[in-house]
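Chemist: Give the three-dimensional model of this entry:
(2 chains)
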Amino acid sequence: MSVFPPLIATPWPDVPGLLLPAVGETARMVVVVMTIVVLLGGPLGLLIFNTSPLGLTPNRAVHVSISWVANLGRSLPFLVLMAAIIPVTKLVFGTTIGFKAAIIPMSVAGVAFFARLTENAVREVPRELLDVGLAIGAGRWQIMSGIQLREALPGLAAGLTLNVIAMIEYSAIAGAIGSGGIGYLAVNYGYRRFDNSIMIACIVLLVVLVQAIQFTGDRVVRALTH
Amino acid sequence: MIEISGLTKSYGATTVLDGIDLRVDDGRIAAVVGPSGAGKSTLARCVNLLERPTSGSIMVSGADLAALSGRDLRRARRQIGTVFQSASLLRRLTAAQNIALPMRHQRLPEQEVRRRVGDLLERVGMLHRANHYPSQLSGGQRQRIGIARSLALKPSVLLSDEATSGLDPESTRAILALLTELRDDLGVTILVITHEMDVVRGIADHVAQLDHGRIVEQGTVADVVRRSDSPLATALLPMPPVVAAPELRQWRLRLEGTVSPVWLANVSRELGSDVAVLAALIEESGQVPVGRLTVGLEPRLDERRVSDVFRNHGVVAEPGAPAGLHPVLAGGRDAEPAA
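Modeler: Numbering: from 1, shown residues only, chains lettered A, B, ... in the order given. Reported below is the predicted structural model:
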């Protein structure tokens, strides 16, 4: 740092003016992506589990193919995934940079991640409880919503916490394609312009944000566990 | 009433159940016992229709439930309430919500659900624990809730699948008393699957032994315990160890039919000889006194006369090894191992 003294270090009083809009952009990205993730990843995870040999309607062909698709979304490092699906992004939004362009790769990675988290959470529900559901003459939907998801709720909340934190991380990586947000700020001001005040502010903010989310998530899990 | 006939279940080339015939009349309690691996849990899963039998029928109130599928199967399952091992309650629901679950799935009116949950909680003596979560209940209390839940849809048959396994003796007794009470009050037919002989003696009218997928012995408990050479009888009423009495001849006795409470004194008087009780087990099972004893008599007594005197008092007597043998050898014959 002493070799390359700061070129333009943003004065501290001006930091919030840059930081607050970035927080808003990150929040917007995470909220939009998480909505898609829960709506698509949850059912996908439930389907992966219930088509497995332990599930309600074992079906090898379906299980293996969805499982393969979910692995596909998780096999590439996010930066590579983002580059790899640029053609799709371009097709859908007509652009490969900015907020919209970031939504697609983030959703792909997030859905695949949450599908696995959901599958794991549901797998933890004792098998006998499914038998209870069947023995009382409940239908498949009733067992899935009334027994599997309800009993897996603490696990799902823990998974959701993990997923939100992962999405904050991905939103920062998406800063590379101009997504906006805290990561974008840290990379463009803090890293490329040696702007130490912005860098420090971003680091502190991200640490505080992740700690707060994990703390809240743990509290929710505890409240849901009886 | 539940009538199982020719029930066979195979997985590929492996036959787990092989032609099971079992009939439990209305308001009766039947127990199926057997070692682990005998097919008990498969039988339970066939009876509560979680597994489809390879062949055979399961008739409940005149309808064959084994052949159904889809919506009819789901409806049929409601006729059979299952009490699962270790209760299997939903951890995130309170006791009352667990009991309400089957009714909620039937979309019964909320008011009726609430009323029935209250009735059932009261019936199993758990009204004071209505809003407790399973983790806040003891094993016996959880099983009471499990029983209440199994009754929620007013089934005509109750299947108890190892419901008392893992409970302490006192809780086991309380649960058995509750099941008997339900039978008496509601007239529900109960099929108990268990590996615990105490459970059979404590509750069952009828007992069937399952081994390698077949029923090898069955009958009313009162009949079975009177059989002299039956492994099931020996398992149901295991003899305590015999006291050594080298100078006496051992006789093995079995109560048959109704006997006078003072039969032993009467026999002793008629024989004109003292009777030494070396081992004895007498109790009520299936509402009749059953018992087996090993007694020592003077060796000079005539075998035929002794047998006749005992028979006149409703006791079957078999002479043991002649006196003078090493006591351990003589006693060894009677010290039957518990199956």
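Chemist: from memory residue A:163 sits against residue A:115, does it?
Modeler: No. No contact is recorded between residue A:163 and residue A:115 when judged using C-beta atoms under 8 Å, the distance being 10.4 Å. C-beta: built from backbone N, CA, C; applies to glycine.
Chemist: the more surrounded of these two?
Modeler: In this comparison of residue A:163 against residue A:115, neighbours counted by other C-beta atoms under 10 Å in any protein chain shown, the higher total goes to residue A:115 at 28 against 24.
Chemist: Between residue A:163 and residue A:115, which contacts overlap?
Modeler: Residues touching both residue A:163 and residue A:115 comprise residue A:41, with contact defined as C-beta atoms under 8 Å, 6 or more residues apart in numbering or on different chains.
Chemist: For the stretch 51-200 of chain B, which residues are neighbours of chain A?
Modeler: Counting by C-beta under 8 Å from any C-beta of the partner chain, the residues of the stretch 51-200 of chain B close to chain A are B:74-78, B:80, B:82, B:84-86, B:88, B:90-93, B:101-102, B:104-106, B:133-135, B:149, B:152-153.
Chemist: hmm, stretch A:134-145 touching chain B?
Modeler: Yes. With C-beta under 8 Å from any C-beta as the measure, stretch A:134-145 is seen reaching chain B through A:134, A:135, A:136, A:137, A:138, A:139, A:142.
Chemist: List only buried entries from those.
Modeler: A:134, A:135, A:136, A:137, A:138, A:142 (16 or more other C-beta atoms under 10 Å in any protein chain shown).
Chemist: where does the spatially closest residue to residue B:23 that is not a sequence neighbour land in three-state SS?
Modeler: Distances taken as C-beta to C-beta, 6 or more residues apart in numbering or on different chains place residue B:3 nearest to residue B:23, at 4.6 Å, with adjacent residues excluded. Secondary structure, DSSP: H, G, I helix; E, B strand; the rest coil: residue B:3 is strand.
Chemist: again, but for residue B:178
Modeler: Taking three-state DSSP as the rule, one finds residue B:178 in the helix state.
Chemist: Kindly provide the distance from it to residue B:186.
Modeler: From residue B:178 over to residue B:186 the distance is 12 Å, taken as C-beta to C-beta, to the nearest Å.
Chemist: if we can go back for a sec, quick one: buried ones out of the residues of the stretch 51-200 of chain B next to chain A?
Modeler: Buried residues within these, defined by neighbour count using 16+ other C-beta under 10 Å: B:74, B:76-78, B:80, B:82, B:84-86, B:88, B:90-93, B:101-102, B:104-106, B:133-134, B:149, B:152-153.
Chemist: Pretty sure residue B:209 is one of the things residue B:215 touches, is it not?
Modeler: Yes. Counting by C-beta under 8 Å, residue B:215 sits close enough to residue B:209 to count as a contact (6.7 Å).
Chemist: between the two, what contacts are shared?
Modeler: residue B:32.
Chemist: Show me where chain A has its helices.
Modeler: When assigned using DSSP state H, the helices of chain A occupy the ranges A:15-50, A:60-75, A:78-84, A:86-93, A:99-123, A:127-135, A:140-143, A:150-173, A:182-185, A:196-224.
Chemist: I meant to write the stretch 101-250 of chain B there.
Modeler: For the stretch 101-250 of chain B, applying DSSP state H, counting those that start in this stretch gives helices covering B:110-123, B:139-151, B:169-186, B:197-203, B:221-224, B:231-236.
Chemist: Residue 9: neighbour count?
Modeler: No chain was given, so I picked chain A. Under the neighbour criterion other C-beta under 10 Å, residue A:9 is assigned a count of 16.
Chemist: wrong chain, I was asking about chain B
Modeler: Burial of residue B:9, expressed as a neighbour count using other C-beta under 10 Å, amounts to 22.
Chemist: before we move on, what about the one 10 residues further on?
Modeler: When neighbours are defined as other C-beta under 10 Å, residue B:19 has 14 of them.
Chemist: Most remote residue from the middle of chain B, which is it?
Modeler: Among the C-alpha atoms of chain B, the one most distant from their mean position (C-alpha atoms, centre = their mean) is that of residue B:300, at 42.5 Å.
Chemist: Using the three-state scheme, assign it.
Modeler: Three-state call for residue B:300 (three-state DSSP): coil.
Chemist: Now that we have the residues of stretch A:134-145 next to chain B, can you turn them into JSON lines and tack on distance to residue B:51?
Modeler: JSON lines is the format used below for the residues of stretch A:134-145 next to chain B (distance: C-beta to C-beta, whole Å):
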{"residue": "A:134", "distance to residue B:51": "10"}
{"residue": "A:135", "distance to residue B:51": "11"}
{"residue": "A:136", "distance to residue B:51": "16"}
{"residue": "A:137", "distance to residue B:51": "16"}
{"residue": "A:138", "distance to residue B:51": "17"}
{"residue": "A:139", "distance to residue B:51": "19"}
{"residue": "A:142", "distance to residue B:51": "20"}
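Chemist: tell me which of those residues is nearest to residue B:20?
Modeler: Using C-beta to C-beta, residue A:135 comes nearest to residue B:20 of those, at 19.6 Å.
Chemist: Quick check, residue A:125 in contact with residue A:147.
Modeler: Yes. The criterion here is C-beta under 8 Å, and residue A:125 meets it with residue A:147 at 7.2 Å.
Chemist: Neighbour count: the two, which is higher?
Modeler: residue A:147 (25 against 19).
Chemist: got the contact list for that one?
Modeler: By C-beta under 8 Å, 6+ apart, the contact set of residue A:147 is A:125, A:129, A:130, A:132, A:133, A:138, B:90.
Chemist: Among those, which has the minimum pLDDT value?
Modeler: By predicted confidence (pLDDT), the lowest-ranked of those is residue A:138, with 91.
Chemist: Spatially nearest residue to the residue of the stretch 151-300 of chain B found nearest chain A (excluding sequence neighbours)?
Modeler: Proximity to chain A, evaluated over the stretch 151-300 of chain B using C-beta to the nearest C-beta, is greatest for residue B:153 at 6.8 Å. Among residues not flanking residue B:153 along the chain, residue B:78 sits closest, at 4.6 Å (C-beta to C-beta, 6+ apart).
Chemist: do residue B:34 as well
Modeler: In space, and not counting its chain neighbours, residue B:34 is closest to residue B:210: 3.6 Å by C-beta to C-beta, 6+ apart.
Chemist: Tell me the pLDDT of that neighbour.
Modeler: Residue B:210 is assigned 93 on the pLDDT scale.
Chemist: got it, and residue B:256?
Modeler: Listed pLDDT for residue B:256 reads 79.
Chemist: isn't it right up against residue B:312?
Modeler: No. Between residue B:256 and residue B:312 no contact is recorded; they are 11.6 Å apart, counting by C-beta under 8 Å.
Chemist: show me the contacts for residue B:306.
Modeler: B:251, B:271, B:297, B:317, B:319.
Chemist: hmm, I was thinking of residue A:123
Modeler: Counting by C-beta under 8 Å, 6+ apart, the residues that residue A:123 touches are A:49, A:54.
Chemist: any idea how far residue B:282 is from residue B:112?
Modeler: Going from residue B:282 to residue B:112 by C-beta to C-beta gives 49 Å.
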